[in-house]
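[1] From the sequence below, what's the structure:
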Amino acid sequence: MTSLDNHIRIPGYRIIRQIGEGGMSVVYLAYQESLKREVALKIMRPVIADESNVVKRFKQEAEIIAKLYHPNIVSIYDVGSVDENTLFYAMPYLQHGDLTGFAYHNDEELIAVMTGLCQGFAYAHAQGVVHRDIKPENILFDQFGNVKIADFGIALSSGRRRFTKDQRIVGSIHYLSPEQARSKHVDARSDIYGLGAILYEVLTGKPVFDAADDLGVMMAHVDSPIPRLPSRVAHWQDIIDRCLAKSPNQRFQSMQALQQAIEAVTPKVNQGRVRRLKAWPYLLVSLLMLVIMSAWWFWPVEQDRNADLVIQQSAEQKPDTHKQPVDDSAGQQAQTAPIQALDAVSNPEP
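    This is a model prediction of the structure:
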């Protein structure tokens, strides 16, 4: 837990617990009182103390992100600041993991995930928004297994791997494009490089470049040749080569072009379903809860019906004491006639 926990108060939100922390922010599970829902509340903490316009820049970027309505982009519910040094934004609470938990076993499923990412990034690029900080932790899954891109453009304060003071290096080291590493102009093709680095890591289980320190990794992005994929996944090599080209002009020029290349891959690996399709347990639990609730709702009704049926049957079997009495005088006379005749024979009149 952080020192923020002792005093942080965001009007309109009730903080439940901390669910994440980074060099520039803390993420809380919170309850939005106005709409009565759980949200993820990310509280940004400026690290560069002398950057007086950090709040303004954060709000401007957050307003842009809030306009990105797309099925593969995590939306922002609310954005604001409590004071000059405490910024926050609220977003959906997605608790079904991120790409770090994605296990590659199936080309078709990987193609589906990558296609969703390309579509989300293409939409953002069309709105003039470049992510600049692509990494597996920023690629989330919802309860249905759909992929969601998070943290668009929110890179205003720095951790060790985020900013330098004047020449800003924006991005996470292992997914940093060469132009980002050199503090050059960044455009949508930097996101293509970052997505290619993620694809390489998913396919191999290790980062495309690694070194003893951050500087070594950055230099590898700039100078080192693109590594070869293992033979098992070599059918992805052409896409990796074009995503990770050192020059932006030699990469795919748009996310749409990358998507077309990914969809053209002939699936060769099929060792079962991957993590993305594991939304079915949640659906099964929901169905079970529905059955339980239905039984709970209709059980008293059925009990009442059974009770009414028993009462009705009992009433039908019980004699009706209110019926009119039957006139049985003729029958009684028929029964007493032989007795009267016998008395007459035994006692003749004088």
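[2] what about Gly196, distance to Lys246?
    Between Gly196 and Lys246 the distance is 12 Å, computed by CB to CB, to the nearest Å. Just so you know, the C-beta spots here come from the backbone N, C-alpha and C atoms, and that holds for glycine as well.
[3] And for Gly80?
    Between Gly80 and Lys246 the distance, using CB to CB, works out to 41 Å.
[4] before we move on, the earlier item: looking at Gly196 and Lys246, which one has more neighbours?
    Here Gly196 and Lys246 are set side by side on neighbour count (other CB atoms under 10 Å), and the busier one is Gly196, at 25 against 17.
[5] which residues touch that one?
    For Gly196, the set of contacting residues under the criterion of CB atoms under 8 Å, 6 or more residues apart in numbering consists of Val208, Ile239, Ile240, Arg242, Cys243, Leu244, Arg251.
[6] Same check on Ala181?
    By CB under 8 Å, 6+ apart, the contact set of Ala181 is Ile169, Met218, Met219, His221, Val222.
[7] quick one: low-confidence parts of the protein?
    Scanning the chain for pLDDT under 70 picks out 1-7, 22-24, 45-58, 84-85, 153-171, 271-350.
[8] where along it do the strands fall?
    Taking DSSP state E as the test, the strands found in the chain are 13-21, 25-32, 37-44, 78-83, 86-92, 139-141, 147-149.
[9] which one of the ones you listed lies closest to Val269?
    strand 147-149 (18.9 Å; CB to CB).
[10] Output the contacting helices and strands for that closest one.
    Counting contacts by 3 or more CB pairs under 8 Å, 6 or more residues apart in numbering; DSSP states H and E, the secondary-structure elements packed against strand 147-149 are helix 107-126, strand 139-141.
[11] what about the ones you listed, which gets the closest to Ile226?
    helix 107-126 (18.0 Å).
[12] Dump the closest one to PDB, keeping only the CA atoms.
    Included here for helix 107-126 are C-alpha records, laid out as PDB according to Å, rounded to 0.1, in the frame of the first residue of the first chain:
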ATOM      1  CA  ASP A 107      -2.800 -19.600 -34.400                       C
ATOM      2  CA  GLU A 108      -6.500 -18.900 -35.000                       C
ATOM      3  CA  GLU A 109      -6.900 -17.500 -31.500                       C
ATOM      4  CA  LEU A 110      -3.800 -15.400 -31.800                       C
ATOM      5  CA  ILE A 111      -5.000 -14.100 -35.100                       C
ATOM      6  CA  ALA A 112      -8.300 -13.100 -33.500                       C
ATOM      7  CA  VAL A 113      -6.500 -11.300 -30.600                       C
ATOM      8  CA  MET A 114      -4.100  -9.500 -33.000                       C
ATOM      9  CA  THR A 115      -7.000  -8.500 -35.300                       C
ATOM     10  CA  GLY A 116      -8.900  -6.900 -32.400                       C
ATOM     11  CA  LEU A 117      -5.800  -5.000 -31.400                       C
ATOM     12  CA  CYS A 118      -5.200  -3.800 -35.000                       C
ATOM     13  CA  GLN A 119      -8.800  -2.600 -35.200                       C
ATOM     14  CA  GLY A 120      -8.600  -0.700 -31.900                       C
ATOM     15  CA  PHE A 121      -5.300   1.000 -32.800                       C
ATOM     16  CA  ALA A 122      -6.400   1.800 -36.300                       C
ATOM     17  CA  TYR A 123      -9.500   3.600 -34.800                       C
ATOM     18  CA  ALA A 124      -7.300   5.600 -32.400                       C
ATOM     19  CA  HIS A 125      -4.800   6.500 -35.200                       C
ATOM     20  CA  ALA A 126      -7.700   7.700 -37.300                       C
END
